[in-house]
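Engineer: Have a look at this fold, sequence not included:
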């Protein structure tokens with residue numbers, strides 16, 4: 001039986017991935033924190049390893065005998081900028097070094113982010129793997145730094161990097177704040193009067209792409225400017241912008257929606273206020289200047305042509321019905 005080690009296994013992507021791995025007859029060792037909610041993880045063929053990506057002693061022994069490591073653990077926001085780099089950047093190096101210390105180093109699949117690449121360069125409509133990374137947010141820069149630290153170890157550790165766009169699906173609670181005001185009050189707040197095209201991917205499609213990369217993915221080169229070993233993950237048949245996404249969600253609920261654009265300076269002030277509230281309350285928030293910065297770029301459109309050509313990857317359904325499934329699940333679960 002094939003054995004895989006999965007970090008961030010209790011999260012939205014991780015739990016869906018582990019369920020599919022088990023369904024395919026694979027054994028999973030799942031790295032989870034003591035405080036992690038593990039209710040979405042299967043019981044059979046799953047071994048829970050309690051620890052932290054930053055503490056290799058907590059999982060070093062568990063890496064032995066694993067042929068593949070899928071690295072999902074990371075944070076999207078933090079009250080402390082250095083914490084982003086500690087987890088998203090140094091976490092990659094710590095895990096890679098732990099893999100290299102095993103008797104037979106496994107293959108590493110790192111699930112990074114489109115934010116690590118940044119928006120398409122000036123004059124380019126859709127970003128692909130050949131365009132040089134230009135992250136615009138602290139989150140994106142921390143994820144890119146993690147990629148570079150893996151590149152430094154590429155000659156010793158076979159590594160593939162996947163950069164998903166916005167991942168969504170019925171069990172994702174991070175997007176509830178997007179769906180709730182549309183469902184309850186028929187209001188969709190956007191930043192600016194022209195919102196950027198988005199790259200979206202449904203959770204099941206991302207899981208399939210990850211598994212294809214495990215089997216046939218290119219591996220990184222030691223050259224930091226090389227595009228080998230990188231794959232974007234999205235449905236590039238369409239790029240709805242944030243304005244249109246809100247309308248798509250409203251349509252899923254069979255209702256109309258008022259799209260309420262905020263001036264950018266107003267949104268920036270709200271972002272600063274969110275940061276102050278987070279520091280005072282001690283509760284991290286997505287409502288930060290960093291996220292406002294990501295929301296006001298020209299475009300987030302990227303191409304999945306490379307994965308399509310090499311793996312035959314294709315989303316199983318268009319975005320609209322998948323948004324509908326997600327919208328229905330949020331209502332059924334009482335989340336909105």
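Structural biologist: Arrived safely, thanks for sending. Please read these numbers as outputs of a predicted model, since none were measured by experiment.
Engineer: And the strands in this structure?
Structural biologist: Along the chain, counting by DSSP state E, strands occupy 3-7, 27-32, 46-50, 68-71, 107-111, 159-164, 166-168, 187-191, 200-202, 230-233, 258-262.
Engineer: Format those strands as TSV; extra columns: mean neighbour count and distance to residue 121.
Structural biologist: The C-beta positions use only the backbone N, C-alpha and C, and glycine is treated the same way. Listed next are the strands of the chain as TSV, based on neighbours: other Cβ atoms under 10 Å; distance: least, Cβ to Cβ, whole Å:
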stretch	mean neighbour count	distance to residue 121
strand 3-7	24	31
strand 27-32	23	36
strand 46-50	15	41
strand 68-71	25	27
strand 107-111	24	23
strand 159-164	25	15
strand 166-168	21	20
strand 187-191	18	22
strand 200-202	24	21
strand 230-233	24	14
strand 258-262	15	26
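Engineer: Quick one: closest of the ones you listed to residue 135.
Structural biologist: Closest to residue 135 of those is strand 159-164 (Cβ to Cβ; 10.8 Å).
Engineer: Need the residue in the protein that's farthest from the chain's center.
Structural biologist: Summary for the chain: using Cα atoms, centre = their mean, the residue whose C-alpha lies farthest from the chain's mean C-alpha position is residue 103, with a distance of 30.2 Å.
Engineer: count of residues packed around residue 40?
Structural biologist: As a burial measure, the neighbour count of residue 40 was computed by other Cβ atoms under 10 Å and equals 15.
Engineer: so what are the domain limits for this structure?
Structural biologist: Split into domains by automatic domain parsing, the chain comes to 3-171+199-235+300-316, 176-195+239-295.
Engineer: most tightly surrounded among the ones you listed?
Structural biologist: Highest mean neighbour count of the domains of the chain: domain 3-171+199-235+300-316, a mean of 19 (counted as mean count of other Cβ atoms under 10 Å).
Engineer: residues touching residue 256, list them.
Structural biologist: Residues in contact with residue 256, defined by Cβ atoms under 8 Å, 6 or more residues apart in numbering, are 186, 250.
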